[in-house]
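> My questions concern the predicted model and sequence given below.
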Amino acid sequence: MTDNERRSLQKGGNCKEIPFTTQTKGKRDSYNNWKETTMPTTTPSVQLTNPKHPHAGPPPRGIIAKLRALTPRHPVRWEHSLRLAKQQTIALMREGRSSGFTPIELITKLPRIRIEYSTDQQIAHASFWDVHSRQWVISLRRADSWKRHRIYLAHEFKRVLDHGRASSLYPSPSVRSSACEAERAADYFARHLLVPDQLLRQALRTGLTEIGDLANHFAVPDDVIQERLHDERVLTGSAHQGSLVRRAA
């Protein structure tokens, strides 16, 4: 890894504020202590996916186990954790292509994943294990946009994959430092899942050069495109000029 790549992965310095995320197999009441009432399971106000055709059957089984199996058992360095995150996005996309699902469709249709939307949730996204239904619950704030929901869903899915493995993926003497690395790795996973390297380069070659146009093309927020363009510049050693460095009007 070059110095430029390492600086890119450490971009941002201090970790941003970490959303409240319960990832233990404790009672659901521990989550409800934070919220006075249980978050309702509701019909989503927006679709996370945009299917163009019906699917013949359910998604493949054992996807979470397959993706977790890629995790090494021994502690790894930070850049290796990010490499793993990208490997998991590639494996998930491969599973989706073989079954006719987009990656987000695949996540939402997994039997061990349940998506909940809350009208009064203060934080943007969270995930926790429901011991009663034996499912991972990804809770999203209903007021956020469809594009935000997609990126938050992918972020929390990575946190689910990392459950029980954080000590080896993000070893650190500081609990906060380890938690920050886990959040940054989940962000990295989410933006590479929704804006893959090959598809981003293809879009750039076909003339999509405005931030807003790229964001609409990949159905992600503008800031995700800006981060991915930064990733791309570091990986290729190139600097996209002109409209790529400014937000679309």
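Ah, there it is.
> what distance separates the start and the end of stretch 97-107?
Distance across stretch 97-107, first residue to last, is 13 Å (Cα to Cα, to the nearest Å).
> And that stretch, what's buried?
Judged by neighbour count (16 or more other Cβ atoms under 10 Å), stretch 97-107 contains these buried residues: Ser99, Phe101, Thr102, Pro103, Ile104, Glu105, Leu106, Ile107. Yep, even glycine has a C-beta here, placed from its N, CA and C like the rest.
> would CSV of the residues you listed with pLDDT, secondary structure and distance to Ser172 be doable?
Formatted as CSV, those follow (pLDDT from 0 to 100; DSSP: H, G, I helix; E, B strand; the rest coil; distance: Cβ to Cβ, whole Å):
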residue, pLDDT, secondary structure, distance to Ser172
Ser99, 73, helix, 37
Phe101, 81, coil, 35
Thr102, 84, coil, 34
Pro103, 85, helix, 29
Ile104, 89, helix, 31
Glu105, 88, helix, 35
Leu106, 88, helix, 31
Ile107, 92, helix, 28
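> Now render those residues as a markdown table, adding distance to Trp136.
Listed next are the buried residues of stretch 97-107 as a markdown table, based on distance: Cβ to Cβ, whole Å:
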| residue | distance to Trp136 |
| --- | --- |
| Ser99 | 20 |
| Phe101 | 18 |
| Thr102 | 19 |
| Pro103 | 16 |
| Ile104 | 15 |
| Glu105 | 17 |
| Leu106 | 14 |
| Ile107 | 10 |
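> for these, which one is nearest Arg142?
Ile104 (17.3 Å; Cβ to Cβ).
> my guess is that closest one contacts Ala190, does it?
No - using Cβ atoms under 8 Å, Ile104 makes no contact with Ala190, being 10.3 Å away.
> Now for the two: what residues contact both?
Jointly contacting Ile104 and Ala190 under the rule Cβ atoms under 8 Å, 6 or more residues apart in numbering are Ala154.
> For this protein, name the helix or strand with the lowest mean pLDDT.
Within the chain, no helix or strand scores below helix 29-32, which has a mean of 32 by mean pLDDT, DSSP states H and E.
> Please name every helix or strand in contact with the helix or strand following that helix.
As assigned by DSSP states H and E, the chain's next helix or strand after helix 29-32 is helix 63-68. Contacts defined by 3 or more Cβ pairs under 8 Å, 6 or more residues apart in numbering; DSSP states H and E place helix 63-68 against helix 78-99, helix 146-162.
> closest to Ala219 out of those?
helix 146-162 (5.8 Å).
> What are the buried residues along that closest one?
147-162.
> do the same with stretch 68-79
Using 16+ other Cβ under 10 Å as the test for burial, stretch 68-79 gives Thr71, Val76, Trp78.
> what do you get for stretch 208-217?
Buried, per 16+ other Cβ under 10 Å, within stretch 208-217: Leu208, Glu210, Ile211, Leu214, Ala215, His217.
> Arg233 and Ile211, how far apart?
For Arg233, the distance to Ile211 equals 14 Å [Cβ to Cβ, to the nearest Å].
> should've said Leu204
From Leu204 across to Ile211, the span is 12 Å (Cβ to Cβ).
> just Leu153 next, same as before
For Leu153, the distance to Ile211 - Cβ to Cβ - is 22 Å.
> which regions of the chain sit below the pLDDT cut-off?
1-61, 234-249 (pLDDT under 70).
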